[in-house]
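*Asks:* dropping a prediction and its sequence here:
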Amino acid sequence: MGKLINEWVKESILTEDIKKTVVTYVGRFHPFHSGHNATYQHLVKKFGKDNVYIGTSDKVQLPKSPFQFKEKVQIMTTMFGIPKNKIVKVKNPYSPKEILQSFSEETTAFITVVGEKDKSRFGGKYFEPYKGKVEKGYADTGYVYVAPSQGSGISGTQVRKGMSDSDEKSRTKFFKSVYPKFNQKIFDLVSSKILRSEEVMESFLQSINLNSILNENSTAAGIGGNSQGVDDGPGAFYGNMKTFKKEMEDVVGTLGWNIVTYLMDEDDMESFTDTEYPTGPGRYPVSFFPSGKAGLDALAVRYGDDLQGNKAYKKWSTHIKKVALQMGYEFLNFLEPKDIENVLSNEPKKEKETTGDLKESFLMEGGAYGHMNHPFDTELGLTFGDLRIIIDGALNGKLEFTREKTDGQALAISYRKDKGIIAARNKSHLKDRGLNALDIKGVSDKFANRGGLTDAYNFAMRDLESAISKLSDAQKEKVFKSGSKFMNIEVIWPESVNVIPYGQPLLVFHGTMEYNEKGEAIGADTSDARILAGMIKQVNADVQDKYTIQGPPVVKLPKSQELSKLKSKFFGELSKVQKEFKLKDTDGVAEYHQRWWEAYVDKNSPSTLDNKVKMGLVKRWAFYDKGFRLDSKNITDSKTLDWAKKTDKQDQAKIAKENTRKFEDIFLGVGAEVLSFMSSALTVNPDKALRDMQKRLDQTIKDVKKSGDPKKIAKLKMELERLNAVGGRNKIVPNEGLVFAYKGYTMKLTGTFASLNQILGLMYF
């Protein structure tokens with residue numbers, strides 16, 4: 001035991017004096033202009049030319065991000081003489097490891113540069129304000145320098161607007177006003193890129209022709225037509241494209257369109273690269289269909305009653321998808337005609353019946369909700385063939401609707417006019433449309449004197465009240481239905497961290513569950529998370545006093561030959577389990593457990609049991625069905641009854657865990673491999689977070705060993721074995737796991753998190 005534990009303990013590394021300071025000025029720079037250069041020159045003067053680096057991405061997303069990295073470099077070096085070796089392509093502005101990796105993490109200080117409006121985004125324990133002095137290396141601390149406004153304060157939005165003028169003379173005049181000299185090559189580059197972006201935007205907006213969807217009096221059928229079938233376009237109804245855009249922004253939230261994030265203003269995006277938040281700055285995942293009965297009626301007006309057979313609709317949907325993809329939009333659920341009537345129905349979505357509770361359709365763990373399933377959990381009813389498909393999909397980047405599973409505190413909230421924001425922690429809070437749910441004061445009282453948890457929930461309720469109060473009554477009603485629907489939220493508060501130190505305070509929406517008057521779940525809707533996040537973003541209420549509010553963090557699975565090659569390994573491990581009872585791919589996971597317990601009962605029962613008693617015990621122990629009672633009425637032989645009771649009380653849980661471990665090691669192993677190729681969409685500084693997790697692991701091992709508690713030591717040994725089985729310390733990542741959809745179910749794929757969570761819980765939770 002001592003050897004196993006000691007292998008995980010590392011000596012502390014003594015810190016050294018700071019010998020180097022690296023200042024990073026990171027932004028989108030579409031395009032880089034004199035305002036940016038003024039900030040860069042200010043930084044050079046303050047920190048020294050050798051210490052200042054510019055970081056930007058290679059992400060191209062029209063219309064607001066048209067320039068490639070090499071084109072940005074060309075503009076910076078040609079127009080402003082910035083040294084090429086000081087311009088670096090980065091992915092994460094908070095952790096520009098592409099710049100920092102060349103310097104010692106112990107003796108190099110890291111300063112990130114932001115504008116006044118963005119300084120509040122850097123929370124948590126890692127970043128601290130720069131006050132003229134650096135004392136710590138970037139392994140432990142990052143400093144935030146708030147750059148003062150420089151020059152005329154021109155923005156990228158203004159530059160793109162000026163350079164999109166159709167008159168070349170006007171563009172030339174504007175170019176000379178924002179660049180120190182005229183260069184024909186750079187002028188042509190900037191003009192062509194921005195003009196192309198405007199063309200795509202114009203095509204996109206004309207494709208939507210929002211009015212023909214909204215106008216209830218229209219009897220139009222076909223694409224963008226009025227009642228006479230004339231394609232007038234948005235200008236016919238709104239005068240010009242500018243007023244059309246404004247109208248689109250105003251009505252989209254009221255209708256409850258399924259929008260994750262609408263187009264952000266330049267000012268909101270200036271300090272971020274395109275990959276920090278998959279559903280946040282720089283990316284625009286969106287679906288263009290309204291939901292609810294009103295939306296269905298509107299679509300019926302636009303496309304005719306027969307949505308499935310409407311050729312015009314099919315043509316329009318194909319066209320709009322093509323144009324939107326040109327712009328860099330990512331469709332989360334662009335609906336086919338055959339799917340619209342079901343999905344846009346005003347009735348709540350009914351869940352499939354299972355042997356137990358209502359199956360989960362989205363992330364709902366903790367609070368008023370329950371547990372999210374692994375693929376191998378028997379209540380899902382999956383077959384071995386299904387498990388193979390999931391393994392193959394995970395290793396080849398083909399799982400559907402993947403998003404990052406977050407490690408925070410659960411909170412289920414709704415809204416009532418008479419009470420405002422309310423929260424549910426148990427079933428009684430869900431009854432009667434949340435009549436007895438906790439208001440802001442109730443949550444404060446319930447979690448009083450709980451340290452960081454107290455602040456986490458109190459601040460969350462206040463920020464949610466502030467954000468949701470800015471929405472219209474129609475918007476609130478759509479999402480919450482006067483307290484009938486509760487939104488599941490993950491509260492990520494740096495001071496009350498569970499396992500993963502994200503380094504920033506976040507409120508992440510995951511979806512709603514609807515309840516009847518008795519507090520029974522009757523339907524679920526994952527799209528509500530994206531809708532509510534989009535609504536809040538539209539009214540500029542997503543950045544609150546303490547938290548940033550967002551929808552579920554959608555992620556893309558990695559595609560790597562190294563991962564693909566692992567398929568034979570995990571398929572082989574799954575086949576080994578099947579061979580125990582000669583099971584086929586069409587046989588279910590539940591059948592394995594049933595066969596195993598049947599064999600166990602046959603081998604260990606003191607007497608021969610008839611089939612009814614035998615299967616009663618198997619159902620009780622394999623599937624936790626307590627309908628079969630352990631009494632003399634069901635089991636007449638006293639020795640057999642004593643054996644059954646002893647097994648039920650002392651052995652069943654341990655045996656069930658051992659059986660599950662066979663599947664667990666396979667799927668946690670798959671998860672650990674996939675996650676090792678990914679980075680968290682939410683973690684501010686992944687490298688720092690990983691070091692913190694490993695340090696806490698080492699300290700917990702020491703503390704458990706020192707405690708001498710035999711139960712804790714035994715638990716530690718078991719969890720370390722589980723951890724080693726899926727790759728050990730080298731597979732620990734600052735990411736709890738993935739959530740994905742398969743056959744109408746939503747389930748999780750995790751890695752080392754499960755065992756790490758159990759180990760840290762031995763002493764600290």
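*Replies:* Looks like it arrived, so ask away.
*Asks:* so where's the stretch 451-600 of the chain shaky on pLDDT?
*Replies:* 497 (pLDDT under 70).
*Asks:* hmm, Val554 is touching Thr402, no?
*Replies:* Yes. Because the distance of 7.1 Å satisfies CB atoms under 8 Å, Val554 is recorded as touching Thr402. The way it works is simple: take the backbone N, C-alpha and C, and place the C-beta from them, glycine included.
*Asks:* quick one: which of those two has more around it?
*Replies:* A direct count of neighbours by other CB atoms under 10 Å for Val554 and Thr402 places Thr402 higher, at 23 against 20.
*Asks:* how about the contacts made by the more buried one?
*Replies:* 554-557, 738-740 (CB atoms under 8 Å, 6 or more residues apart in numbering).
*Asks:* same check on Ile186?
*Replies:* With contacts taken as CB under 8 Å, 6+ apart, Ile186 has the following neighbours: 74-75, 78-79, 179.
*Asks:* try 6 Å
*Replies:* Contacts were defined as CB atoms under 6 Å, 6 or more residues apart in numbering; by that measure Ile186 touches 75, 78-79.
*Asks:* got it, and Lys654?
*Replies:* Lys654 touches nothing, counting by CB under 6 Å, 6+ apart.
*Asks:* give me the element it is part of.
*Replies:* Under DSSP states H and E, the secondary-structure element containing Lys654 is helix 652-675.
*Asks:* and which of the contacts of Ile186 is nearest to Val601?
*Replies:* Closest approach between those and Val601, by CB to CB: Ile75, at 75.1 Å.
*Asks:* run a quick neighbour tally on the closest one.
*Replies:* When neighbours are defined as other CB under 10 Å, Ile75 has 22 of them.
*Asks:* so where does it fall, helix or strand?
*Replies:* Applying DSSP H and E as the criterion places Ile75 in helix 69-80.
*Asks:* who's in contact with that helix?
*Replies:* Where contact means CB under 6 Å, 6+ apart, the residues beyond helix 69-80 that reach it are 29, 31-32, 37, 56, 58, 82, 84, 87, 89, 179, 186.
*Asks:* the longest strand along the chain pairs with which strands, parallel or anti?
*Replies:* Across the chain, the longest stretch assigned as strand under DSSP state E is strand 506-515. Using DSSP bridges, the strands paired with strand 506-515 are strand 485-492 (antiparallel), strand 521-525 (antiparallel), strand 548-550 (parallel).
*Asks:* mind listing the helices for the stretch 651-765 of the chain?
*Replies:* 652-675, 686-707, 710-725, 753-761 (DSSP state H, counting those that start in this stretch).
*Asks:* could you dump the ones you listed into JSON lines with mean pLDDT and distance to Ala423 added?
*Replies:* What follows is the helices of the stretch 651-765 of the chain, written out as JSON lines (pLDDT from 0 to 100; distance: least, CB to CB, whole Å):
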{"stretch": "helix 652-675", "mean pLDDT": "90", "distance to Ala423": "31"}
{"stretch": "helix 686-707", "mean pLDDT": "87", "distance to Ala423": "28"}
{"stretch": "helix 710-725", "mean pLDDT": "87", "distance to Ala423": "32"}
{"stretch": "helix 753-761", "mean pLDDT": "84", "distance to Ala423": "24"}
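*Asks:* save those helices as JSON lines, and put in distance to Lys584 too.
*Replies:* JSON lines is the format used below for those (distance: least, CB to CB, whole Å):
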{"stretch": "helix 652-675", "distance to Lys584": "17"}
{"stretch": "helix 686-707", "distance to Lys584": "41"}
{"stretch": "helix 710-725", "distance to Lys584": "26"}
{"stretch": "helix 753-761", "distance to Lys584": "29"}
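*Asks:* out of those helices, nearest to Arg462?
*Replies:* For the helices of the stretch 651-765 of the chain, proximity to Arg462 was assessed by CB to CB; helix 686-707 is nearest, at 26.7 Å.
*Asks:* pull out the buried residues from that closest one.
*Replies:* Residues of helix 686-707 classed as buried: 686-693, 696-698, 700-701, 704-705 (neighbour count, 16 or more other CB atoms under 10 Å).
*Asks:* now it against helix 710-725, angle please.
*Replies:* 140 degrees (axes from the mean of the first three to the mean of the last three CA atoms, to 10 degrees).
*Asks:* now the spatially most central residue of the chain: how far from Ile413?
*Replies:* Most central residue of the chain, judged by C-alpha distance to the mean C-alpha position with CA atoms, centre = their mean, is Pro553 at 1.8 Å. When distance is defined by CB to CB, to the nearest Å, Pro553 is 19 Å away from Ile413.
*Asks:* what of Glu106?
*Replies:* If you measure Glu106 against Ile413 using CB to CB, the figure is 43 Å.
*Asks:* which of these two has more residues huddled nearby?
*Replies:* Ile413 (26 against 17).
*Asks:* please identify the helix or strand for that one.
*Replies:* Counting by DSSP H and E, Ile413 is part of strand 409-416.
*Asks:* pairing partners for that strand, with directions?
*Replies:* For strand 409-416, the paired strands and their directions (DSSP bridges) are strand 420-424 (antiparallel), strand 485-492 (antiparallel).
*Asks:* so the residue nearest to the centre of the chain sits right up against Thr683, yeah?
*Replies:* No. Between Pro553 and Thr683 there is no contact, the gap being 10.4 Å when judged by CB atoms under 6 Å.
*Asks:* coming back round to it: narrow the contacts of helix 69-80 to those in helices?
*Replies:* 37, 186 (DSSP state H).
*Asks:* just the ones of the contacts of helix 69-80 in strands?
*Replies:* 56, 87, 89.
*Asks:* by neighbours, which of the residues you listed wins?
*Replies:* Neighbour counts for the ones in strands among the contacts of helix 69-80 were taken using other CB under 10 Å; the highest belongs to Thr56, which has 24 neighbours.
*Asks:* nearest residue to that residue other than its sequence neighbours?
*Replies:* In this structure, Thr56 finds its nearest non-sequential neighbour in Phe29, 5.1 Å apart by CB to CB, 6 or more residues apart in numbering.
*Asks:* burial of the one you found, as a residue count?
*Replies:* Neighbours of Phe29 under the rule other CB under 10 Å: 25.
*Asks:* who does Tyr742 bridge with?
*Replies:* For Tyr742, the beta-bridge partners under DSSP bridges are Tyr745.
*Asks:* run a quick neighbour tally on it.
*Replies:* Tyr742 is surrounded by 17 other residues when neighbours are defined as other CB under 10 Å.
*Asks:* do you know the pLDDT at it?
*Replies:* pLDDT for Tyr742: 83.
*Asks:* what about the helices in the stretch 351-500 of the chain?
*Replies:* Under DSSP H, counting those that start in this stretch, the stretch 351-500 of the chain gives helices at 384-395, 427-430, 440-446, 452-468, 473-480.
*Asks:* nearest to Ser676, of those helices?
*Replies:* Nearest to Ser676 among the helices of the stretch 351-500 of the chain is helix 384-395 (12.0 Å), distances taken as CB to CB.
*Asks:* give me the pLDDT for Lys49.
*Replies:* Taken from the predicted model, the pLDDT recorded for Lys49 is 92.
*Asks:* and it, how many neighbours?
*Replies:* With neighbours defined by other CB under 10 Å, the count for Lys49 comes to 12.
*Asks:* please apply the same query to the one 4 residues further on.
*Replies:* By other CB under 10 Å, 22 other residues sit near Tyr53.
*Asks:* I figured it hits Glu98, correct?
*Replies:* No. With contact taken as CB under 6 Å, Tyr53 and Glu98 are classed as non-touching, separated by 9.4 Å.
*Asks:* which neighbours do these two share?
*Replies:* If you check Tyr53 and Glu98 against CB under 6 Å, 6+ apart, the residues they both contact are Val88.
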